[in-house]
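[1] With the sequence up front, the predicted model follows.
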Amino acid sequence: VQLVESGGGSVQPGGSLRLSCAASGYTDCMAWFRQAPGYEREGVAIMSILGSRTTYADSVKGRFTISKDNAKNTLYLQMNAVKSEDTAVYYCAAGPTIGCWLDSPFAYWGQGTQVTVS
């Protein structure tokens, strides 16, 4: 499975941005992670298609929405009411080897897309 993210860029606080992740193959469980300079990578949102389940980190709950267009095999992250602390490189991940949780080990990763809020 190959993952290609897009949609990053610069946005003002309070603004919106939508990230996309095009997948080359099907995988039930997909997620978004982010890593800011000097910080460890953290899980942002995860989606299990078959389980009809989504989970969000507390820091983005109510502001971010994860979704997937199955026809296009593309995962999205709609980011609203962004804050400066949302600045990070955002990564798409798929194919966890155990379970489908934000702390699961994922087999496939995208190259990342930079989001800067200022």
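    Arrived safely, thanks for sending.

[2] contacts, neighbours, all on C-alpha from now
    OK.

[3] and Arg53, how many neighbours does it have?
    Residue crowding around Arg53 was assessed by other Cα atoms under 10 Å; the count is 11.

[4] Quickly list what the closest residue to it other than its chain neighbours is bridged to.
    Nearest in space to Arg53, with sequence neighbours left out and distances taken as Cα to Cα, 6 or more residues apart in numbering, is Met47 at 5.8 Å. According to DSSP bridges, Met30, Thr54 are recorded as the beta-bridge partners of Met47.

[5] Show the pLDDT at the residue nearest in space to the middle of the chain.
    Geometric centre of the chain, nearest residue: Trp32, 2.1 Å, by Cα atoms, centre = their mean. Confidence at Trp32, expressed as pLDDT, is 98.

[6] next one: Gly51
    Gly51 is assigned 69 on the pLDDT scale.

[7] picking up where we left off before, tell me how far the residue nearest to the centre of the chain lies from Lys83.
    As for Trp32, its distance to Lys83 is 17 Å (criterion: Cα to Cα, to the nearest Å).

[8] burial count for the residue nearest to Arg53?
    Neighbourhood size, Met47 [other Cα under 10 Å]: 24.

[9] for Ser59, same thing?
    Summarising burial for Ser59: neighbours were counted as other Cα under 10 Å, giving 11.

[10] For the residue nearest to the centre of the chain, what are phi and psi?
    Comment: the main-chain dihedrals of Trp32 come out as phi -120, psi 140, following degrees, to the nearest 10.

[11] Looks like it contacts Tyr90 (just checking).
    Yes - under the contact definition of Cα atoms under 8 Å, Trp32 touches Tyr90, with a separation of 6.8 Å.

[12] tell me the average confidence for the top strand by length along the chain?
    Counting residues, the longest strand in the chain under DSSP state E turns out to be strand 88-96. Across strand 88-96, the average pLDDT comes to 95.
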